[in-house]
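Trainee: Quick check, what structure comes out for this input:
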Amino acid sequence: MEVRIGNRIAEIELIEKDGNIVRLTIDGIEYEVDVTMAENGACSILHDGKSYNAELIRSDNGKNYKVNTLFSSYNVDIVDTKAKYLRLRKKEDERQEDKIVSPMPGKIVKIPVKVGDFVAAGDTVAVIEAMKMQSNYKVTSDCYIKDILVNEGDSVNSDQQLILLDLNVVNA
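Mentor: Next up, the predicted model:
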């Protein structure tokens, strides 16, 4: 399934669930976590010997959540197959912005592009690590890399611009 966290899109697949132990992949990277849910929406996650706590507030339609952690809040949308199909059909409503922005603080792990590169819709342009998890940031439309404002190894803040894009792509 596809999950949208702010401007970031992650592909998540549940591999196995046995009690509280959950094995899943996020953008192709496998994780094993111990997840405990309380009735009030509180969630405790254990991963690699570290504990994380979050509050999940579910919307009426059950596909959108507000996730509150100790220091941040995130809007999370679960995109089911039908919604993904409709979004692709209405591409003009889902226009790529002219920049890639970090939705959360983290560290730049990889920038697999350089200024002037052409990138196609779905290509990863930055990888950020936050809370020991890596997130791939992809473009949703064909474009060129206009400028890269960060370097691999840099720490970034929430809402910090990472990459500027040139959306004026002429198809031959």
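Trainee: Counting neighbours, what do you get for residue 53?
Mentor: 12 (other Cβ atoms under 10 Å). The way it works is simple: take the backbone N, C-alpha and C, and place the C-beta from them, glycine included.
Trainee: Where does it sit: helix, strand or coil?
Mentor: At residue 53 the chain is in strand, as set by DSSP: H, G, I helix; E, B strand; the rest coil.
Trainee: Okay, and the beta partners of it?
Mentor: Counting by DSSP bridges, residue 53 is bridged to residue 44.
Trainee: which residues touch it?
Mentor: Contacts for residue 53 (Cβ atoms under 8 Å, 6 or more residues apart in numbering) come out as 42, 43, 44, 45, 69, 70.
Trainee: Mind giving me the ChimeraX select for these, buried ones only?
Mentor: Applying 16 or more other Cβ atoms under 10 Å to those, the buried members can be selected in ChimeraX as follows:
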select :43,45
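Trainee: okay, now the domains of the chain?
Mentor: Using automatic domain parsing, the domain ranges for the chain come out as 2-81, 96-166.
Trainee: I'd like the ones you listed as CSV, with mean pLDDT appended.
Mentor: Shown next, in CSV, are those (pLDDT from 0 to 100):
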stretch, mean pLDDT
domain 2-81, 85
domain 96-166, 89
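Trainee: which of the ones you listed is buried the deepest?
Mentor: domain 96-166 (a mean of 16; mean count of other Cβ atoms under 10 Å).
Trainee: wait, isn't residue 27 in contact with residue 9?
Mentor: No: contact criterion Cβ atoms under 8 Å: residue 27 and residue 9 do not qualify, at 9.2 Å.
Trainee: Provide the contact partners of the top strand by length along the chain at residue level.
Mentor: Criterion DSSP state E: the longest strand present in the chain is strand 8-18. If you take Cβ under 8 Å, 6+ apart as the criterion, strand 8-18 is touched by 1-4, 22-28, 30, 79, 103, 135-138, 140.
Trainee: Report the backbone C-alpha coordinates of that strand in CSV.
Mentor: Below are the C-alpha coordinates for strand 8-18, written out as CSV (Å, rounded to 0.1, in the frame of the first residue of the first chain):
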residue,chain,number,x,y,z
ARG,A,8,6.5,12.2,1.1
ILE,A,9,5.1,9.0,-0.4
ALA,A,10,6.2,5.6,1.0
GLU,A,11,5.4,2.1,-0.3
ILE,A,12,4.7,-0.1,2.7
GLU,A,13,4.1,-3.9,2.6
LEU,A,14,3.1,-6.0,5.5
ILE,A,15,5.1,-9.2,5.4
GLU,A,16,4.0,-11.0,8.6
LYS,A,17,2.2,-10.2,11.9
ASP,A,18,2.6,-12.5,14.9
